[in-house]
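Enquirer: here is the input, now give the coordinates:
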Amino acid sequence: MLKQRLVSGILMGVAAILAATYLPSPAGWLLILGLGLLAQFEFYGLMQGMGIAVFKWIGMGAGAAVISVTFWTVGPSAEQLALGYQAENLVLAATVLFVLVWQAFQRKHDQPVATVAITLLGVLYCAVLLNYMTRLAFGWHDGPRLASVGRTGQLLILYLIAVVKFSDIGAYFTGRLLGRHKLIPRLSPNKTWEGLAGGVAFSLGVSLLFFFLTGGQLGVVHLQWWDAVLLGLLLAASGVIGDLVESMIKRNAASKDSGSLIPGMGGVLDVLDSLLFGAPVLYGYAVLFLRG
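Expert: The predicted structure is shown next:
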């Protein structure tokens with residue numbers, strides 16, 4: 001199990017570096033889109049396993065639309081930002097209306113409110129949160145949409161993945177070696193306070209290392225050392241919360257993993273859970289405090 005986890009982690013790390021560095025923008029959009037669809041598919045599968053009917057394909061179509069309209073509209077100007085948010089909000093509003101109307105004509109669903117709520121939750125949890133990776137990758141470059149990912153987007157995506165995932169790694173190994181005191185056993189019986197401390201230490205270390213290697217220059221985004229410290233703490237905390245939220249969902253569904261696609265790690269949602277919460281935190285911090 002540990003060997004599979006290590007191999008999968010190394011392969012995904014290399015793939016993330018190559019993707020962020022070399023993929024053209026359309027391929028990056030399709031990669032994020034594919035990850036979002038797989039995560040939604042696994043989420044809806046967990047819910048169906050609990051006996052709740054969901055509009056899986058409607059939800060996945062809406063999730064794909066949210067990510068796609070952001071990719072095609074987002075940019076650094078105020079007008080582009082406004083257009084991106086308006087397009088996303090229109091997709092979400094249309095989704096809510098369509099799901100409610102669609103449910104009104106269903107005769108076999110005995111939990112209509114749960115069906116509507118879970119369908120929409122899949123869009124919000126998997127697609128809308130993941131869509132902040134779309135904003136991080138493509139929201140800083142004002143060039144042709146079909147060109148390569150800009151340097152700012154490349155570095156922000158690499159920074160996000162490195163800090164959040166090394167926090168996961170630090171928490172996992174520190175917890176295995178030193179873990180004694182349970183964090184929130186009703187949600188995740190294996191997580192410990194010692195593991196949390198190790199995850200925060202790794203997150204801080206990687207954030208500061210990234211700062212020193214780049215000189216704090218992430219394209220148009222400029223980090224100071226205190227930004228690296230704050231983001232190391234914030235991304236570690238958001239990653240842990242994202243992990244715990246997914247653990248809550250899986251525990252409620254009586255499932256250990258969201259899927260079995262990734263050897264040693266489970267499903268796509270099991271890998272993305274911490275990034276789903278880290279991406280909006282990094283994007284919000286960058287927009288509010290880091291624009292040069």
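
Enquirer: where along the stretch 1-150 of the chain do the helices fall?
Expert: Secondary structure of the stretch 1-150 of the chain by DSSP state H, counting those that start in this stretch: the helices cover 2-22, 25-49, 56-73, 78-104, 112-122, 129-138.

Enquirer: need those helices in JSON lines (columns: mean neighbour count, distance to residue 287 and mean pLDDT).
Expert: No exception for glycine: its C-beta is placed from N, CA and C like everyone else's. Listed next are the helices of the stretch 1-150 of the chain as JSON lines, based on neighbours: other C-beta atoms under 10 Å; distance: least, C-beta to C-beta, whole Å; pLDDT from 0 to 100:
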{"stretch": "helix 2-22", "mean neighbour count": "14", "distance to residue 287": "20", "mean pLDDT": "73"}
{"stretch": "helix 25-49", "mean neighbour count": "20", "distance to residue 287": "19", "mean pLDDT": "94"}
{"stretch": "helix 56-73", "mean neighbour count": "21", "distance to residue 287": "14", "mean pLDDT": "96"}
{"stretch": "helix 78-104", "mean neighbour count": "15", "distance to residue 287": "9", "mean pLDDT": "93"}
{"stretch": "helix 112-122", "mean neighbour count": "19", "distance to residue 287": "25", "mean pLDDT": "96"}
{"stretch": "helix 129-138", "mean neighbour count": "25", "distance to residue 287": "9", "mean pLDDT": "95"}
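
Enquirer: between those helices, which gets nearest to residue 232?
Expert: helix 129-138 (16.9 Å; C-beta to C-beta).

Enquirer: which residues sit against that closest one?
Expert: 20, 25, 28-29, 32, 35-36, 39, 66-67, 70-71, 74-75, 84, 88, 149-150, 153-154, 156-157, 160, 272, 275-277, 279-280, 282-283, 286 (C-beta atoms under 8 Å, 6 or more residues apart in numbering).

Enquirer: how many residues are close by residue 233?
Expert: Applying other C-beta atoms under 10 Å, we find 14 residues neighbouring residue 233.

Enquirer: check it and give its pLDDT.
Expert: Here, the pLDDT recorded for residue 233 equals 96.

Enquirer: how near is it to residue 111?
Expert: 40 Å (C-beta to C-beta, to the nearest Å).

Enquirer: same question for residue 273.
Expert: Residue 273 is 25 Å from residue 111, where distance means C-beta to C-beta.

Enquirer: how about residue 234?
Expert: Applying C-beta to C-beta, the value for residue 234 to residue 111 is 37 Å.
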